[in-house]
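S.K.: Give me a model of this one.
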Amino acid sequence: MRKLLSLLIFLVGFAAIGWAEQTTGTQSSYVYWRWISAAVAVGIACIGGGIAVGQIGAAAMGAMSENPELSGKALPYVGLAEGICLWGFLVALLILFI
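M.R.: Numbering: from 1, shown residues only. As a prediction, this is how the structure comes out:
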């Protein structure tokens, strides 16, 4: 599954480059690479964050079904996993605007 996902990300990235408008100059090709790298940064971070939230959420629900007092202790871990997506977005902003 991971190899298939990696291949899909690779193909989508190079398909976007292949279908991009042909222009002259190095500045315009540099802009394309910035947009593609920002999209990959956000995409991979959100996929990783989604996987983490799914696994942590399932484990937290299982623990809370046995002991309801654990709800306050389990929810911050879900928030930490969601923070991965935020960091991917911040990296994309740094790629685009710096």
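
S.K.: what about this protein, any weak spots by pLDDT?
M.R.: 7, 10-29 (pLDDT under 70).

S.K.: now with 90?
M.R.: 1-37, 60-61, 63-65, 67-82, 95-98 (pLDDT under 90).

S.K.: Which neighbouring elements make contact with the helix or strand containing residue 36?
M.R.: Residue 36 is part of helix 26-66 when elements are defined by DSSP states H and E. If you count contacts as 3 or more C-beta pairs under 8 Å, 6 or more residues apart in numbering; DSSP states H and E, helix 26-66 packs onto helix 2-19, helix 71-97. C-beta: built from backbone N, CA, C; applies to glycine.

S.K.: how far away is the residue most central in space within the chain from residue 36?
M.R.: For the chain, the residue sitting closest to the mean C-alpha position, by C-alpha atoms, centre = their mean, is residue 45 at 2.1 Å. Residue 45 sits 15 Å away from residue 36, going by C-beta to C-beta, to the nearest Å.

S.K.: what does residue 2 give?
M.R.: Relative to residue 36, and taking C-beta to C-beta, residue 2 is found at 21 Å.

S.K.: So if I had to pick from those two, which one is more boxed in?
M.R.: residue 36 (17 against 6; other C-beta atoms under 10 Å).

S.K.: list the contacts for residue 67?
M.R.: For residue 67, the contact set (C-beta atoms under 8 Å, 6 or more residues apart in numbering) is empty.

S.K.: Phi, psi for it please.
M.R.: phi -140, psi 100 (degrees, to the nearest 10).

S.K.: chain center to stretch 48-63: distance?
M.R.: Centre-to-centre, stretch 48-63 and its host chain are 16 Å apart (C-alpha atoms, centre = their mean, to the nearest Å).
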